[in-house]
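**Student:** Just to be clear, the model below is a prediction. Sequence and coordinates:
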Amino acid sequence: MRFTHLSLKSLVLAAALLSPSISLRADWPQWRGPNRDGTVKSATIPATWPKGLKEEWKITIGAGHASPVESNGKIYVFARQGEDEVLLCLDAVTGKEVWRSSQPIVYEMHEAARGHGKGPKSTPVVSNGVVYTFGISGVLSAHDANSGKLKWRREFSKDYPKTSPLFGTAMSPLVDSGLVIAHVGGPDKGALTAFDAQTGATKWSNPLDGPAYASPIIVTAAGTRQIVTFVQKDLVGIDFASGKLLWKLPSKTRYDENINTVVVYKDLLIFSREEQGLAAIRLTRPGAEIVPQQVWVNKDAELYMSTPVLQGNTVYGMTTRQKGQFFAVDAETGKTVWQSPGRMGENAAILNLGDKVILFLTNEAKLFVQAVDGKTYSPVAEYTVASSPTWAHPLVLGRRILIKDESSLTSWAVAP
């Protein structure tokens with residue numbers, strides 16, 4: 001299975017801030033990175049983590065949980081300012097605004113999720129010089145990455161009674177082979193849809209169910225290239241070329257909150273369903289149909305909003321148990337390697353810094369650095385990185401860690 005105009009003084013300052021390891025070619029263009037797996041290969045990891053991080057710059061962005069992405073030396077971040085959804089393009093070194101695109105979006109949050117605000121949750125994706133966004137109300141847009149000019153926009157109020165799930169659109173679209181994949185529609189009625197990346201025209205659409213909050217990945221398994229994702233009530237595999245349903249696993253939850261992105265280990269798909277723990281399946285084809293077969297399950301590592309990362313043969317994640325515990329689980333067997341103390345938070349955004357350390361950023365703005373070579377939970381550093389909640393994933397650029405909090409984006413340097 002494979003998963004495919006500055007003064008001289010300012011220039012000197014920018015060069016001082018820019019580590020040689022911050023390669024502008026080492027892009028982070030979408031949800032969870034180039035391979036949608038949370039692995040950062042361009043991070044500069046200190047031999048000893050400092051007692052504190054150094055704040056380089058901080059700018060107001062707006063509300064929302066969408067994660068910042070980076071491509072060709074530009075940061076793209078999607079947020080709400082007043083009643084507008086705003087896509088910002090920033091210089092990756094200085095944070096200076098390059099361009100912005102703003103669209104009025106009227107949206108009323110579900111009462112159960114008002115604490116999260118009305119900002120977008122879906123992370124943009126940059127591909128072939130285009131930035132794609134999926135707003136909280138389900139508006140899909142494409143902008144020129146250099147100029148910010150709108151290329152095309154699609155909204156779906158004439159197609160579906162509701163154009164977003166109960167708590168707002170959260171799935172982050174993916175772009176592959178000239179297609180943009182997004183699940184449009186709302187509760188009980190929607191379609192996983194492929195759009196032409198250049199024009200926005202619909203190429204195929206599968207109205208199998210309403211959308212969930214999880215983001216899709218692409219895998220080749222059981223001889224077929226397919227999209228694997230949660231929809232409202234199931235975990236599914238969808239043929240990439242045609243949009244045909246290949247297989248599904250029932251995944252109904254009390255509030256239709258399938259959220260985590262599937263993780264791939266060898267020929268296993270690792271995910272979690274409500275009250276069923278962390279599980280691994282293998283896709284087989286004993287006959288004409290693809291059949292998902294369970295390989296292991298770990299009831300102590302159930303996920304909610306947080307998606308794990310994989311390093312070697314170990315899965316690092318955050319379970320809902322004990323009001324939030326970090327964990328390490330053996331990906332081969334499903335056995336628990338270690339668990340942290342409880343009460344770590346409601347959610348953690350997790351990144352793997354290139355086989356050295358794992359970053360856990362909790363929604364309470366605590367950043368934990370965990371070495372990957374231990375058999376116990378033993379963080380080598382802990383930092384407070386904001387004064388408001390942090391739900392978006394960090395963006396790691398060389399020796400800098402960019403944190404999106406409730407309304408701001410801050411660049412923190414891992415100072416020597």
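**Tutor:** Done, it's in. Numbering: from 1, shown residues only.
**Student:** Quick check: which ranges of the stretch 1-150 of the chain have low pLDDT?
**Tutor:** Judged by pLDDT under 70, the stretch 1-150 of the chain has its weakly predicted residues at 1-26.
**Student:** which residues of it fall in helices?
**Tutor:** Counting by DSSP state H, counting those that start in this stretch, the stretch 1-150 of the chain has helices at residues 8-17.
**Student:** Quick one: the strands in it, in order.
**Tutor:** 54-60, 69-71, 74-81, 84-91, 97-104, 125-127, 130-134, 140-144, 150-154 (DSSP state E, counting those that start in this stretch).
**Student:** So which of those is the most surrounded?
**Tutor:** Ranked by average neighbour count under the criterion mean count of other CB atoms under 10 Å, those are headed by strand 130-134 at a mean of 25. The C-beta positions use only the backbone N, C-alpha and C, and glycine is treated the same way.
**Student:** Not counting its own residues, what contacts that strand?
**Tutor:** Residues outside strand 130-134 that contact it (CB atoms under 8 Å, 6 or more residues apart in numbering): 76, 78, 85, 87, 89, 120, 122, 124-126, 140-145, 151, 169, 171-173, 175, 180, 182, 197-198.
**Student:** picking up where we left off before, compare the strands of the stretch 1-150 of the chain and give me the one nearest Val264.
**Tutor:** Closest to Val264 of those is strand 125-127 (CB to CB; 18.7 Å).
**Student:** ok, the closest one: who's next to it in the sheet?
**Tutor:** strand 130-134 (antiparallel) (DSSP bridges).
**Student:** Just want the angle from the strand it pairs with to strand 97-104.
**Tutor:** Calculated by axes from the mean of the first three to the mean of the last three CA atoms, to 10 degrees, strand 130-134 forms an angle of 40 degrees with strand 97-104.
**Student:** next one: strand 130-134 to chain centre, how far?
**Tutor:** Put simply, strand 130-134 sits 14 Å off its chain's centre (CA atoms, centre = their mean, to the nearest Å).
**Student:** Which other helices and strands does the helix or strand in which Ile403 is found contact?
**Tutor:** Here Ile403 sits within strand 400-404, counting by DSSP states H and E. On a contact count with 3 or more CB pairs under 8 Å, 6 or more residues apart in numbering; DSSP states H and E, strand 400-404 meets strand 395-397, strand 408-413.
**Student:** So for Ala43, which of those sits nearest?
**Tutor:** Of all those, strand 395-397 sits nearest to Ala43, with 5.0 Å by CB to CB.
**Student:** who's in contact with that closest one?
**Tutor:** 22, 28, 40, 42-43, 67-70, 75, 92, 351, 353, 359, 401-402, 404.
**Student:** Stretch 194-210 too?
**Tutor:** Outside stretch 194-210, the residues that touch it by CB under 8 Å, 6+ apart are 127-128, 130, 132, 140, 142, 151-154, 165, 175, 178-182, 185-193, 231-234, 236, 238, 242-245, 256.
**Student:** Kindly recompute the last result at 7 Å.
**Tutor:** For stretch 194-210, contacts defined as CB atoms under 7 Å, 6 or more residues apart in numbering pick out 127, 130, 142, 152, 154, 165, 175, 178-182, 185-193, 231-234, 236, 238, 242-243, 245.
**Student:** from those residues, which ones fall inside strands?
**Tutor:** Residues of the contacts of stretch 194-210 located in strands (DSSP state E): 127, 130, 142, 152, 154, 175, 179-182, 185-186, 189-193, 234, 236, 238, 245.
**Student:** Buried members of these into PyMOL, please.
**Tutor:** Remark: buried members of the ones in strands among the contacts of stretch 194-210, expressed as a PyMOL selection using 16 or more other CB atoms under 10 Å:
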select buried, resi 127+130+142+152+154+175+179+180+181+182+185+186+190+191+192+193+234+236+238+245
